[in-house]
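Enquirer: quick one, fold the following:
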Amino acid sequence: MTVDAGADTSQVLKTMQDHRIRRVPVIADHRLVGMISEADLARHLSEEQVGHFVETICAER
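Expert: Numbers count the residues shown, from 1 in each chain. All right, here's what the predicted structure looks like:
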């Protein structure tokens, strides 16, 4: 799974939650330009959003 460099926070959050991953590579022009982690999201989300994110990716399937 990857996200485009132009993706907004909600797109990144959805990708990570849907695939239950804690880090996602960021791609621009078919090249790796960075990595977004759970900690990066935590800096930009409310406590409630962070809590929901953690619950989602840690929940048993």
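Enquirer: going forward, measure contacts between C-alpha atoms and count neighbours the same way
Expert: OK.
Enquirer: buried residues in whichever strand or helix holds Val54?
Expert: Using DSSP states H and E, Val54 sits in helix 47-58. Using 16 or more other C-alpha atoms under 10 Å as the test for burial, helix 47-58 gives 50, 53, 56-57.
Enquirer: any idea how far stretch 7-21 is from the middle of the chain?
Expert: 4 Å (C-alpha atoms, centre = their mean, to the nearest Å).
Enquirer: can you pull out the strands in this protein?
Expert: 3-4, 23-28, 31-37 (DSSP state E).
Enquirer: which residues sit against the shortest one?
Expert: Put plainly, it is strand 3-4. For strand 3-4, the external contacting residues (C-alpha atoms under 8 Å, 6 or more residues apart in numbering) are 12, 15, 24-28.
Enquirer: and the residues you listed, which two are furthest apart?
Expert: Largest separation among these by C-alpha to C-alpha: Thr15 and Ala28, giving 16.5 Å.
Enquirer: more neighbours: those two, which one.
Expert: Each of Thr15 and Ala28 has its neighbours counted (other C-alpha atoms under 10 Å); Thr15 has more, 16 against 12.
Enquirer: which residues touch the more buried one?
Expert: With C-alpha under 8 Å, 6+ apart, Thr15 has these contacts: 1, 3.
Enquirer: next one: Gly34
Expert: Contacts of Gly34 (C-alpha under 8 Å, 6+ apart): 25-27.
Enquirer: let's see 6 Å
Expert: Counting by C-alpha atoms under 6 Å, 6 or more residues apart in numbering, Gly34 touches 25-26.
Enquirer: partners of it in the sheet?
Expert: Val26 (DSSP bridges).
Enquirer: let me know the pLDDT of it.
Expert: We have a pLDDT of 97 for Gly34.
Enquirer: Glu48 versus that one, what's the distance?
Expert: 26 Å (C-alpha to C-alpha, to the nearest Å).
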